[in-house]
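Enquirer: Fold the following.
(one chain, ligands or ions: 2)
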Amino acid sequence: MPQGENITATRSSQPTADQRADQKEDRYDAQRIETKWSERWQQDTSLYAAESDSTKPKYYALEMLPYPSGVLHMGHVRNYAIGDALARFKWMNGYNVLHPMGWDSFGLPAENAAIQNNTPPRVWTLRNIANMKAQMKRLGFAYDWSREVTTCLPEYYRWNQWFFLKLYEKGLAYRKKSRVNWCPQCATVLANEQVVNGCCWRHEDTLVEQRELEQWFLRITNYAEELLAGINKLEGWPEKVRTMQRNWIGRSDGTLVDFKVDSQAGEALSVFTTRVDTIYGATSVQLAPEHPLVATFTKHNDLLRADVEKLIAEQRKAKEIGEIAAIEKHGVRTGHYAINPFNGERLPIWIANYILMDYGTGAIMSVPAHDERDYEFAKKYNIEIRLVIVPSPDDPEETVAEPVLPFTTMQGTLVNSGPFSGLTCGQAIEKMSAHAEQHSFGKATVTYRLKDWGISRQRYWGTPIPMLYCERDGIVPVPEEDLPVILPEKVEITLSGGSPLSKVPEFVNATCPRCGGPARRETDTMDTFVDSSWYFYRYTDAHNDRAPFDSKTANHWFPIDQYIGGVEHAILHLIYSRFWTKFMRDMGMVKNDEPTERLFTQGMIIKGGAKMSKSLGNVVSPDEMVSRYGADSTRLYTLFATSPDRELDWQGEGVEGIQRFLGRLYRVVTDSTELVVRAPDLPVGPAARALQRKLHQTIKRVSVDFEGRWHFNTSIAALMELNNLLSGMGSDISAGNIPPEDVAGAKRTLVLLLAPFAPFLAHELWEMLGEQGSLLKAPWPKYDPELAKEDEIEIPVQVNGKLRSVVTVPSGSSEDTIRDAALADEKVISSIAGKQIVKKIIVPGKLINLVVR
Ligand SMILES: [Zn+2]
Ligand SMILES: [Zn+2]
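Expert: Ligands and ions are numbered 1, 2, ... in the order given. As a prediction, this is how the structure comes out:
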């Protein structure tokens, strides 16, 4: 048992004079205090549990669950310190708070660790979880561990499988062969969302390859429009994230036009354009090097194939360095032609390095007169440039000078465009799209950048996809009652040769539930983003073994009131989980359209201007900080160094400074200077009033920041100011200038305000103040706006020596403030109207006299 235990136990009862003397010498000992409270909190497993059948308003505070890599990093500490402060604030404000935590515990690192250390992924993962959980407890985060969710356990992932079957039933899960992103390092397929600048999201220097594979997809595009429209309603989300989602979904309105390819029997080429009104100006058609038609063109043309391979390599390289938009445009002629269905013109087909297969249809019509990129390309290869729009003059009288090419405008009229000449751009787009549809060679259409979500992974450590392949019946879903399909334990893991599960005959060989014949089990596992798409619903009913969760319970807690996590999830987890919620709503499982009411994305922690990384040797370990300064100082520093949304550059001295502040606060609160009892009818003097004012201003600042902008750095600065004021008031206190109950009240309030940020010390001081009830749910202090106000005084305003008005200004106001107040007063304005002020006489605190003529 830690040494301090007995001393504190006596202190919480009435201290004797001797003990008080001991106390005075006592210094803030973070390790002693934090060990003591950690032990107490861990003994009470229901301490942070949400109440069932509570009449209090609910509050669901959630931080994104971590991947159990083995140790927490400082970024985690910052994220959880923010969420924990909020949860504690809400508890103190009378809410029934749900504040759970769990583990996003499937994924590749466990397999890599297994290969390196010969430890099974399950063992490695569960050990890491135990370690990180102990760290979280040591840091004092107030989680309801009775609801812990661990995604790699069958009790959780069986519901991933259940959802998959439902998606399949509804036609929202399907299998198809397609070109997919392949990371050679991960040895698995990646979703589009996991490709960053052409590279793997986990291997920033590994170029993603394209492979043709049979894959399972989720039809997220069915919800593209709703996912887009819903962004407008997410007012509690950072604008940055909303913009990223809008761009990722990438709606564009345009027209699909089919061009026939003249040398291929009946083959058509679909072009997507947002400006069909310029189609008479098209002088070539250009394909992405990876367009399927290119393969047929190069089949019997080795020269062309070699050229195309070069283009593909260039395009990848440009993607790799993130400069695809700035690529120097060039291409090759195929010798083939596409026929413009509007005028029958034969347009040469080119393959160009700047056309991307993942945008639109991977084919464009090139209109050099009215598009910058097309112009550049046409100039280079001497392709005809044909004007088809003349800009409308701003003034109808004005004649338009010869326009400088290229130019793009919607404010113009068509020329050289057959029967469509003379129409405005807007009219032409409408008429020409209708014309295309009428003649069955195209239609107005909306395209999205968002593609269906490929979820098959050729890896071991994930949820088995519950599907069977029977020679007679084809694809057969595993019957619901046979779930879960358990991930086998004894598997040899290698990063080559396809899915590790395919090498486990006991797993692969199954019986077809339809015909009873032999069937082969699907050996790919699910993308781990499936796990995190709905985990927060499971927290509401974490031990349900009949359903993923009970709808009624989930509907009580949802939507999440505040979600907190990194911005790196803006287009991965935060889109997938919105999709999942909409799907569950359509199944009748939940009522909410969106999972999260408010989202907060905290800034990154860096050191010495760079991201913390092992290779740079600038990693600050939370364990080391906690053992040196204590959990309270570590947490408080992450909240104080800057506002939580900004990048934090870690300064070692900063944590030390915070520790010193907590030491001062400890001394101020535990200071046992004899309080001088005063006569009750003595008027409030200036010292007492100053304390009163500061106290109420501090409560106001901290409360307002919690409800609004979350500038916890200024909240903590306000606590420091209050503490400084109290600490400097020793002589006033001993002189009896401040009522003892005011001093005691201020100390008590200071502890209450500290509780969300530094819970260990706050609990210790609370007990030392002799408080009986739990600080966790002690009522948050209220401020009195009157008492928080700066004192005001009335200043008479004279004009030429005659009293005209009286203005109110804060006491101690400068001459400028008094003058401005006087000159803004209506009575003064009317009495000096039309006259000139020749002199202002100001007696600060007394009067102002304006001399006018
Ligand atoms: Zn990778
Ligand atoms: Zn069968």
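Enquirer: So the residue in the stretch 201-350 of the chain that ligand 2 sits nearest to versus residue 175, what's the distance?
Expert: For the stretch 201-350 of the chain and ligand 2, the shortest gap (C-beta to the ion) falls at residue 214, measuring 18.7 Å. Glycine gets a C-beta too; all of them are placed from N, C-alpha and C. Here the criterion is C-beta to C-beta, to the nearest Å. By it, residue 214 lies 6 Å from residue 175.
Enquirer: Looking at those two, which one has more neighbours?
Expert: A direct count of neighbours by other C-beta atoms under 10 Å for residue 214 and residue 175 places residue 175 higher, at 16 against 11.
Enquirer: Do I have it right that that one meets residue 219?
Expert: No. Using C-beta atoms under 8 Å, residue 175 makes no contact with residue 219, being 11.8 Å away.
Enquirer: The residue nearest to residue 242 when sequence neighbours are not counted: what's it in contact with?
Expert: The shortest distance from residue 242 to any non-neighbouring residue, by C-beta to C-beta, 6 or more residues apart in numbering, is to residue 231 (5.0 Å). By C-beta atoms under 8 Å, 6 or more residues apart in numbering, the contact set of residue 231 is 237, 242, 245-246.
Enquirer: Contact residues of the chain facing ligand 1?
Expert: Selection of the chain residues close to ligand 1 by C-beta under 5 Å from the ion yields 183, 185-186, 200, 202-203.
Enquirer: Filter those residues down to the buried ones, PyMOL style.
Expert: Applied in PyMOL, the following selects the buried portion of the residues of the chain next to ligand 1 according to 16 or more other C-beta atoms under 10 Å:
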select buried, resi 183+185+186+200
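Enquirer: quick one: which of the residues of the chain next to ligand 1 is nearest to residue 662?
Expert: Nearest to residue 662 among the residues of the chain next to ligand 1 is residue 202, at 39.0 Å by C-beta to C-beta.
Enquirer: My reading is that the closest one lies in a helix. Confirm?
Expert: No. Per DSSP: H, G, I helix; E, B strand; the rest coil, residue 202 lies outside any helix segment and is coil.
Enquirer: For it, give me the pLDDT.
Expert: For residue 202, the model assigns a pLDDT of 85.
Enquirer: how about it, phi and psi?
Expert: Residue 202 adopts backbone torsions of phi -100, psi -20, taken as degrees, to the nearest 10.
Enquirer: swap in residue 509?
Expert: Dihedral angles (degrees, to the nearest 10) for residue 509: phi -80, psi 120.
Enquirer: same deal with residue 79?
Expert: Taking degrees, to the nearest 10 as the convention, residue 79 sits at phi -60, psi -50.
Enquirer: contacting residues for it?
Expert: If you count contacts by C-beta under 8 Å, 6+ apart, residue 79 has them with 63-64, 564-566, 602.
Enquirer: One more: residue 34?
Expert: By C-beta under 8 Å, 6+ apart, the contact list for residue 34 reads 138, 140, 630-632, 760.
Enquirer: three-state assignment of it?
Expert: Once three-state DSSP is applied, residue 34 turns out helix.
Enquirer: do the same with residue 593
Expert: Per three-state DSSP, residue 593 ends up coil.
Enquirer: Break down the stretch 201-350 of the chain into its helices, ranges please.
Expert: Under the criterion DSSP state H, counting those that start in this stretch, helices of the stretch 201-350 of the chain are mapped to 224-231, 239-249, 292-298, 302-320.
Enquirer: For the ones you listed, please prepare JSON lines with the additional fields distance to residue 435 and mean pLDDT.
Expert: Listed next are the helices of the stretch 201-350 of the chain as JSON lines, based on distance: least, C-beta to C-beta, whole Å; pLDDT from 0 to 100:
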{"stretch": "helix 224-231", "distance to residue 435": "26", "mean pLDDT": "97"}
{"stretch": "helix 239-249", "distance to residue 435": "29", "mean pLDDT": "95"}
{"stretch": "helix 292-298", "distance to residue 435": "25", "mean pLDDT": "90"}
{"stretch": "helix 302-320", "distance to residue 435": "34", "mean pLDDT": "86"}
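Enquirer: Which of these sits closest to residue 749?
Expert: That would be helix 239-249 among those, by C-beta to C-beta, at 35.8 Å.
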